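Novice: curious how this folds, go ahead:
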Amino acid sequence: MKLETNVIKPEISFFEEENENVILTTQWETSLDSKLDEIYEYINKNDGKDKSESEKDELYKNAQLLWREFANVLKDTKYNFFLNRPQYNFLTDLILKKIDYDVNTVFFAIELTDLLGTMKGVKFNNDQELTAFPVNATEITYIYHLIATHKVKGLGKDAYTFAQVLRRIGEISKIFNYYDTAAKNSSTEIQNWVTCFDSSVVMENREESISAEVLDNN
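Specialist: Got it, this is the predicted structure:
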């Protein structure tokens with residue numbers, strides 16, 4: 001199954017050293033996609049025609065519950081943040097030793113304590129081997145905010161390593177943004193659906209609009 005919003009779904013894995021590295025596991029992807037499907041299936045199969053106000057309220061309540069379930073899964077979703085030894089050493093050294101923290105960024109760093117704890121003492125067999133560190137959207141956002149102002153001089157080794165770390169962060173951000181956009185779109189669809197409960201309101205091509213949001217390619 002492939003979900004479509006107003007953007008193309010980004011790749012959830014990449015190949016490096018002839019290995020496929022999965023950023024979003026099938027378990028998380030299936031959970032997100034199925035929860036989103038449930039929302040559209042519910043609002044496609046139900047409407048407010050000939051319903052009492054209390055029944056309409058119940059329909060809306062149920063749709064909102066489905067949306068919150070999707071939002072909670074998105075919040076809990078873990079993404080694999082892949083780093084090799086040079087990238088790992090560069091990032092951890094940057095966060096733990098080199099960044100100057102102010103009254104705002106220090107709290108970002110503190111929130112990363114648990115993640116940094118799981119990263120501590122990781123052993124690599126060589127400089128090419130990739131290790132996956134599970135992160136949620138908040139953690140990867142905090143990492144980006146912390147290192148975004150870092151500067152490297154020239155195009156030496158550190159510059160390329162820095163760029164590679166930023167690219168890994170960007171790959172995760174694209175996936176999260178895709179589903180975040182889907183959350184916003186589905187919330188809008190629910191509101192439009194509820195508006196149609198009023199018999200005097202007609203929304204043209206609502207079903208076509210919804211089907212454009214969720215396409216089943218199977």
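
Novice: could you pull out the strands for this protein?
Specialist: With DSSP state E applied, the chain shows strands at 2-3, 13-16, 19-22, 79-83, 131-135, 214-215, listed in chain order.

Novice: show me what contacts the residue of the chain most remote from its centre?
Specialist: Computed with CA atoms, centre = their mean, the residue of the chain farthest from its C-alpha average is residue 50, at 38.8 Å. If a contact means CB atoms under 8 Å, 6 or more residues apart in numbering, then residue 50 has no contacts. No exception for glycine: its C-beta is placed from N, CA and C like everyone else's.

Novice: that one and residue 189: what is the separation?
Specialist: According to CB to CB, to the nearest Å, residue 50 stands 22 Å off from residue 189.

Novice: next: residue 175.
Specialist: 21 Å.

Novice: likewise residue 114?
Specialist: From residue 114 over to residue 189 the distance is 36 Å, taken as CB to CB.

Novice: okay, the two: which has more neighbours?
Specialist: Neighbours per residue (other CB atoms under 10 Å) separate residue 114 from residue 189, with residue 189 holding more: 21 against 9.

Novice: residue ranges for the helices of this structure, please.
Specialist: Residue ranges of the helices in the chain, as given by DSSP state H, are 26-45, 53-76, 85-93, 105-111, 113-119, 137-147, 157-195, 206-213.

Novice: tabulate those helices in JSON lines, adding columns for distance to residue 10 and mean pLDDT.
Specialist: What follows is these, written out as JSON lines (distance: least, CB to CB, whole Å; pLDDT from 0 to 100):
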{"stretch": "helix 26-45", "distance to residue 10": "12", "mean pLDDT": "96"}
{"stretch": "helix 53-76", "distance to residue 10": "15", "mean pLDDT": "95"}
{"stretch": "helix 85-93", "distance to residue 10": "20", "mean pLDDT": "93"}
{"stretch": "helix 105-111", "distance to residue 10": "25", "mean pLDDT": "86"}
{"stretch": "helix 113-119", "distance to residue 10": "23", "mean pLDDT": "83"}
{"stretch": "helix 137-147", "distance to residue 10": "14", "mean pLDDT": "92"}
{"stretch": "helix 157-195", "distance to residue 10": "4", "mean pLDDT": "94"}
{"stretch": "helix 206-213", "distance to residue 10": "17", "mean pLDDT": "40"}
